[in-house]
Each structure stands twice: as C-alpha cells, then as structure tokens.
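1. can't give you the sequence, but here's the structure:
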C-alpha cells in the first residue's frame, strides 16, 4: 500500500467565476489541517515517544518490508476489495489518498527529534495500535464534529458521499470483504505484526469527529 499521492489543485477562474466544488480528499485536508492546528505539537511529541519502543519500531519495519508490499498486492487483487474501491470511487473517494497520508505518517515517525518536541504526552502503550489510539484520543473531537456538520449542510457531494457510506449497498459490499477468508488471513498477518486493521478504519472515522 505504498502510494498515497493525490493532491489535486483547483484552478481559480477569477473572482466573478462560481466557486468550484471540493473533491472528497480536499474536504479531508480541512479536517487534517484542523487537527494539526489544534494538537500538532502533541502528535509530534507522541510520535517521538513511540519511536523509542522496540514493539512500535518492529511494526514500522514490517510496513517497510517486501512481505507487507506483497500482502497489499494480494489484497488489491481480491474481487471483494476491488468492489470496495469501485464503490468509493463513485463518490470520488480515492483510497490512494488515505494510503499516501498513512505512508507520510510512517515516514515521519523515525526522524522525529527531541528538538521538535512540544508538550509532554505520555503514551498508553508501546505498540503501533496503541500509537494510533493515542493519536485519536488527542483529536479535537467536538471541533471536528462541528466541521463535519457544517460540510454536510453546505456541500451536497460531501453529504451524498456519507449517505452512500450509510447505505445497505455499502454495508453489503464491505461485509463481503470481511467474509473473505483470504482478507481475514491478511488482517491476521497485520495483527501478528502489531497492526490492528480495525483501528486504522476507526482513525479514519475519528478524523471526521464521528467516533
């Protein structure tokens, strides 16, 4: 899953032109900017703390390994996974964007230095899953939730995307993925290497203040 590149630039057509609509990942950027503004220092400090733990580093090493790349290729080939991607792309939800964001996080952790630390943040554990949970706990949930409500009210495409993610069709497609024995084996492989797939999904939900 190494490929997270999709920051599309909107071209300004002048002050008199109608405002262009944002695509989904541009809305996500608004949430991430809010998180960075409110708790960026704390998240940096947390990354530094976890970078000192062997359990956390072991997960990072796995995520940089050929074994992980092969697992991702295998996952992407699953018909059930392809169905998930196809459904999301109907609402311009680009899975590669989230993968890119995830990779950027991983690449930044090992190079965090003491000089970049902000306030003191105590980790709740030593592994990758604890790291993600601690990140979520720092998110400004009330402000994220308010931003989500604002976007639902003001942007039809954003609203429809989430309506679709609450549909029976989505639940059926996503449920079919979790019924795949191959996918479940891949999720278990991730867990064996300290990575809880479920907590990664939960973090995406938390970015929108929906946790």
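-> Cool, got the structure. Since this is a predicted model, take the numbers as computed values, not measurements.
2. What's the first helix or strand after the helix or strand bottoming out on mean pLDDT in the chain?
-> Within the chain, no helix or strand scores below helix 95-108, which has a mean of 71 by mean pLDDT, DSSP states H and E. For helix 95-108, the following helix or strand on the C-terminal side (DSSP states H and E) is helix 128-138.
3. Give me the contact list for that next one.
-> 39, 42-43, 46-47, 50, 55-56, 59-60, 121, 123-125, 194-196, 199-200, 202-203, 206, 211 (CB atoms under 8 Å, 6 or more residues apart in numbering). To be clear about C-beta, it is placed using only N, CA and C from the backbone, and glycine gets the same treatment.
4. Mind checking which of these land in helices?
-> Using DSSP state H, the subset of the contacts of helix 128-138 located in helices is 39, 42-43, 46-47, 50, 55-56, 59-60, 199-200, 202-203, 206.
5. What subset of the residues you listed is buried?
-> By neighbour count, with 16 or more other CB atoms under 10 Å, these hold 39, 42-43, 46-47, 50, 56, 59-60, 199, 202-203, 206 as buried.
6. For residue 88, which residues are in contact?
-> Here residue 88 is in contact with 94-95 (CB under 8 Å, 6+ apart).
7. On the pLDDT front, check it for me.
-> If you check residue 88, the pLDDT there is 93.
8. try the one 5 residues further on
-> Residue 93 is assigned a predicted lDDT (pLDDT) of 88.
9. which non-adjacent residue is nearest it?
-> residue 24 (4.9 Å; CB to CB, 6 or more residues apart in numbering).
10. residues near the one you found, how many?
-> Neighbour count for residue 24, taken as other CB atoms under 10 Å: 17.
11. That one against residue 95, yeah?
-> No. Between residue 24 and residue 95 there is no contact under CB atoms under 8 Å: 10.8 Å.
12. ok now do residue 174, which residues does it touch?
-> residue 84.
13. start the count at 45, not 1, going forward
-> From this message on, residue numbering opens at 45, which makes the last subject residue 218.
14. any idea which element it lies in?
-> Following DSSP H and E, the helix or strand that holds residue 218 is helix 212-222.
15. Figure out how far that helix is from the centre of its chain.
-> Distance, stretch centre to chain centre, for helix 212-222: 19 Å (CA atoms, centre = their mean, to the nearest Å).
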